[in-house]
Structure formats: C-alpha cells, structure tokens
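A.B. asks: Below are the sequence and a predicted model for it; my questions follow.
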Amino acid sequence: MGDCAVLGIGNRDRGDDAVGLLVLDALGRRDLEGIDLRPGDGDPGWMIDTLEGRRCAVVVDAMRTGAAAPGTVVVIDASEHEVPAMTRLSSSHAMGAAASLELARALGRLPARVVVVGVEAGSFGLGDDVTSEVANAVEIAADAVMEVLADA
C-alpha cells in the first residue's frame, strides 16, 4: 500500500458533493499506515500535483450518471482508460475530476494505478444536507477504497 494516496473530492456545503470528504473521514478512523489521505475540492492543479510521482491513487468523488440510484457506489479503473464519458464526476470547478485525471494522463503525471470510487449523488444545492442514500453509502465506498488499496 506504500506511496498511495486517496483523494477525497468535495464541498461540505453542497449536499451530496461532500461524499468524497466524508469517505476520507471514515478512512481516517481506520488503520491505514502509509496511505496519504488528501481532501480537496477538485482543483485541477492541486489534483495533478497530488497525483504526480505516486505509484497509485484512489479518487473518491460524487458522480452523476443518471443510470443509478443515489447512493450507488461505482469503482472505475482509470489506469489505462479514461473515465467513461457518461460518468460526470462532480465539481464546483469548470473542470471536473475526470477531466483533471485526463489532463494528468496527457501530461505524463498520472500514477500507474488510478481507481475512481464514485458515489451516485442526488443533491448539490448550496446549503443542502447530504441525502440519506449518500450518507448510507459512505462506509460502502470506504470499503471499496480499502479493497483497491489491498490490491495496490
């Protein structure tokens, strides 16, 4: 698991967009020796700098596919292929996490192993609470991150 980072992307003031940060909170309560837990808002420069030079990374973010119910956890291996176009990772920035991953790939700064753990979200309104479906998915997503790290 050494030299791996978990990037939790989100905004605690925008409802389900907080899920990446909530998953980091859950992981922080577990024994994760050697894993760098990095909260962020999805800023492309921050993401690329955080990814560069690492062996592996897991990106946790809210997503909207329109194909699943809120709270659904999806694991996407982005090591060799881009995140599918129908998967829109949430971001309050003009460039989301998926586009930031592709920019890092184009710049040669993407780790050899990159996995996205996305949680289907429903509400992104300013001041919204996290929906119960997404809150219930936090530990499931944290377990998915642990499985990825165990294989890293």
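C.D. replies: Received the coordinates, thanks.

A.B. asks: Low-confidence bits of this protein, can you list those?
C.D. replies: Residues of the chain that meet the criterion pLDDT under 70 lie in 1-2, 84-95.

A.B. asks: center of the protein - which residue?
C.D. replies: For the chain, residue 60 is the residue whose C-alpha lies nearest the centre (C-alpha atoms, centre = their mean; 1.5 Å).

A.B. asks: Quick check: it vs residue 97, distance?
C.D. replies: Noted for residue 60: a distance of 9 Å to residue 97, by C-beta to C-beta, to the nearest Å. Yep, even glycine has a C-beta here, placed from its N, CA and C like the rest.

A.B. asks: So what touches the helix of greatest length in the chain?
C.D. replies: Ranked by residue count under DSSP state H, the longest helix found in the chain is helix 132-151. Helix 132-151 is contacted from outside by 1, 4, 6, 16, 19, 22-23, 25-27, 30, 32, 35, 56, 58, 60, 62, 69-73, 75, 115, 117, 119-122, using C-beta atoms under 8 Å, 6 or more residues apart in numbering.

A.B. asks: Can you say which of those are buried?
C.D. replies: 4, 6, 16, 19, 22-23, 26-27, 32, 35, 56, 58, 60, 62, 70-73, 115, 117, 119-122 (16 or more other C-beta atoms under 10 Å).
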